[in-house]
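**Q** Here's a sequence, model it:
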Amino acid sequence: MRLRLRLAVLLVVAVVPFAIGLAFLQGLLVRRNVALATGEAIAGRLDGFQHDRCEASPSTWPNLDGPRARRPARARARARRARGPAGIFVYDASFGPQRPEAPVLSPRIRRALEAGDDVAWGPVPGTRPRDQLLVVARVADEGPCAFVATARPVDGPGLAFTLAPALAVSAFTVLLAVLAAGPLVRRVRRLTDAVRRARAGEGVTIPVDGEDELTELQRAIAADRTELAAKVDALRRRDEALTSFVSNTTHDVMIPLTVLQNHLITLQSRSEPKSAEAELAGQALGEAHYLGSLLQNLSAAAKLDDVDRPIEHVEVDLADLVGRVAQRHRTLAKQKRIELNHASPERLMVRADLTLVERALSNLVHNAIRYGEPGGHVAVVLEPEGEGFRLEVLDDGPGVAEADLARLGERRFRSQEARSRHPSGTGLGLAIAREVAERHGWSLAFEHNEPSGLRVVLEGR
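**A** So this is what the prediction gives:
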């Protein structure tokens, strides 16, 4: 709900009931004043002589005094509309009426008189409460003319007329408050627009104007924006430095690591088959392959995390790429006694980032070999599908539990089987493969391979 609308609703809810209550209280005061004035008039009329005459003939008084003065036509019309009793009626000390047509006194009036009040009033029985009042005055403590009552029309304004000024004032107050809130609302909207544009990177300065609470809010937001911008800039510079460091370090370390892998291969080939030296060289070669893969994954992760730098799309022959990746992993597969095969068409072109796609495919193949069983098989199959491609990496290793299958590809997540077989893994390889697929608009799925193992399906165009 908008600020001005909320303010208007709040004022209506607060002011209108107050105005109605004030008008109702005014009506009660008018009726009270009418009742008190009428009681005084009754008491003044019953002076000593008139009271004696009433005591002498209570059933006919005040008609013994001759014809009553004729009331004005307006009063007579009002009395007819009210349909209440006309005249003056007397009651004894026990509230017994002296004339049969006298109205019965209500319990409320009787309680007030019994409590010692000199004047009591209430609605006339059988009439609408706001048309007439039955006013009863105490003129004596005992006798047949202890109390005198008369039905008094209420001359005050009607309820609608009483409420009209209060409601008009309420409406004017609401309108004035809404108009007064206009400048405040405009300043809030200007501040909101500036914050949104600054968040969008338009370089807008937060406006600071005035000398009120809103100005303090503007200053606080402007200070926070400045501090946040400084922190973001520092984080950006640190991230750029870290990304550059990872890339440079990866390149520098990969060169001696490649030399080390070649030395280990030479050492393994010169050792006696199945000798301790050959086994040790094979294990060292596997760890060297893992280190190389980890370094390349760190470089790829740094590139993927740099969202401000778009990936480069060039023409890539996936068939040639599959052949290179398979050839690069044959040494590792042979060392683990796993048969690695691949099948692809002669040529299959896509537009992609060559480095990232090669890293993703290498991770999928490396993962299949690393967690495979000795004597097992790994197959990489690439085939065209419509205007795109379908690439599958299949192995017959232990596979992945159903509960872990859907989470493969999350950063830092490793299945229970992977943690038990290789505790030193990071779970980064499959996460990079998934992110590379997402950045290219491709899909990557992990499925069970029958009768055992894992099937990884990469599809795109």
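**Q** Low-confidence stretches in the stretch 1-150 of the chain?
**A** For the stretch 1-150 of the chain, residues meeting the criterion pLDDT under 70 lie at 1-7, 10-11, 63-86, 126-131.
**Q** Look up the residues forming beta bridges with Leu340.
**A** Beta-bridge partners recorded for Leu340 (DSSP bridges): Val378.
**Q** contacting residues around it?
**A** Contacts for Leu340 (CB atoms under 8 Å, 6 or more residues apart in numbering) come out as 326, 329-330, 333, 365, 369, 377-380. C-betas here are computed from N, CA, C, even on glycine.
**Q** So Gly122, which state does it fall into?
**A** strand (DSSP: H, G, I helix; E, B strand; the rest coil).
**Q** thought it was touching Ile109?
**A** Yes - taking contacts as CB atoms under 8 Å, Gly122 lies within contact range of Ile109: 4.9 Å.
**Q** show me where the chain has strands.
**A** For the chain, applying DSSP state E gives strands covering 88-91, 119-123, 132-138, 147-153, 314-317, 339-343, 349-352, 377-385, 388-395, 443-448, 454-460.
**Q** Packing partners of the third one?
**A** Spelled out, it's strand 132-138. helix 3-45, helix 107-114, strand 119-123, strand 147-153 (3 or more CB pairs under 8 Å, 6 or more residues apart in numbering; DSSP states H and E).
**Q** Those: which one's closest to Glu435?
**A** Among the helices and strands packed on strand 132-138, helix 3-45 comes nearest to Glu435, with 43.8 Å by CB to CB.
**Q** Compute the inter-axis angle for the closest one and strand 147-153.
**A** 140 degrees (axes from the mean of the first three to the mean of the last three CA atoms, to 10 degrees).
**Q** Measure how far helix 3-45 is from the centre of its chain, please.
**A** 42 Å (CA atoms, centre = their mean, to the nearest Å).
**Q** do stretch 437-446 as well
**A** Here stretch 437-446 is found 33 Å from its chain centre; the criterion is CA atoms, centre = their mean.
**Q** Stretch 255-267 too?
**A** 59 Å.
**Q** So for it, what gets flagged as buried?
**A** In terms of neighbour count (16 or more other CB atoms under 10 Å), stretch 255-267 has its buried residues at 257, 261, 264-265, 267.
**Q** Provide the contact partners of it at residue level.
**A** Residues from elsewhere that reach stretch 255-267 (CB under 8 Å, 6+ apart): 277, 281, 284-285, 288-289, 291-292, 295, 331.
**Q** Let's see it as PDB, backbone CA atoms only.
**A** What follows is stretch 255-267, C-alpha atoms only, in PDB (Å, rounded to 0.1, in the frame of the first residue of the first chain):
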ATOM      1  CA  ILE A 255      55.700 -27.100 -17.100                       C
ATOM      2  CA  PRO A 256      57.800 -28.900 -14.500                       C
ATOM      3  CA  LEU A 257      54.800 -31.200 -13.700                       C
ATOM      4  CA  THR A 258      54.700 -32.400 -17.300                       C
ATOM      5  CA  VAL A 259      58.500 -33.000 -17.200                       C
ATOM      6  CA  LEU A 260      57.900 -35.000 -14.000                       C
ATOM      7  CA  GLN A 261      55.200 -37.100 -15.600                       C
ATOM      8  CA  ASN A 262      57.500 -37.900 -18.500                       C
ATOM      9  CA  HIS A 263      60.300 -38.900 -16.100                       C
ATOM     10  CA  LEU A 264      57.900 -41.200 -14.200                       C
ATOM     11  CA  ILE A 265      56.800 -42.800 -17.500                       C
ATOM     12  CA  THR A 266      60.400 -43.400 -18.400                       C
ATOM     13  CA  LEU A 267      61.200 -44.800 -15.000                       C
END
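**Q** ok, Leu391 - contacts?
**A** 318, 322, 361, 380-382, 457-459.
**Q** Any chance of a markdown table for the residues you listed, columns neighbour count?
**A** Putting the contacts of Leu391 into a markdown table (neighbours: other CB atoms under 10 Å) gives the following:
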| residue | neighbour count |
| --- | --- |
| Leu318 | 22 |
| Val322 | 23 |
| Leu361 | 24 |
| Val380 | 23 |
| Val381 | 15 |
| Leu382 | 21 |
| Val457 | 15 |
| Leu458 | 24 |
| Glu459 | 16 |
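**Q** ok, the residues you listed vs Ile432, which is closest?
**A** Nearest to Ile432 among those, with distances taken as CB to CB, is Leu361, at 10.8 Å.
**Q** Touching, that closest one and Arg324? I think so.
**A** No - the criterion here is CB under 8 Å, and Leu361 misses it with Arg324 at 9.2 Å.
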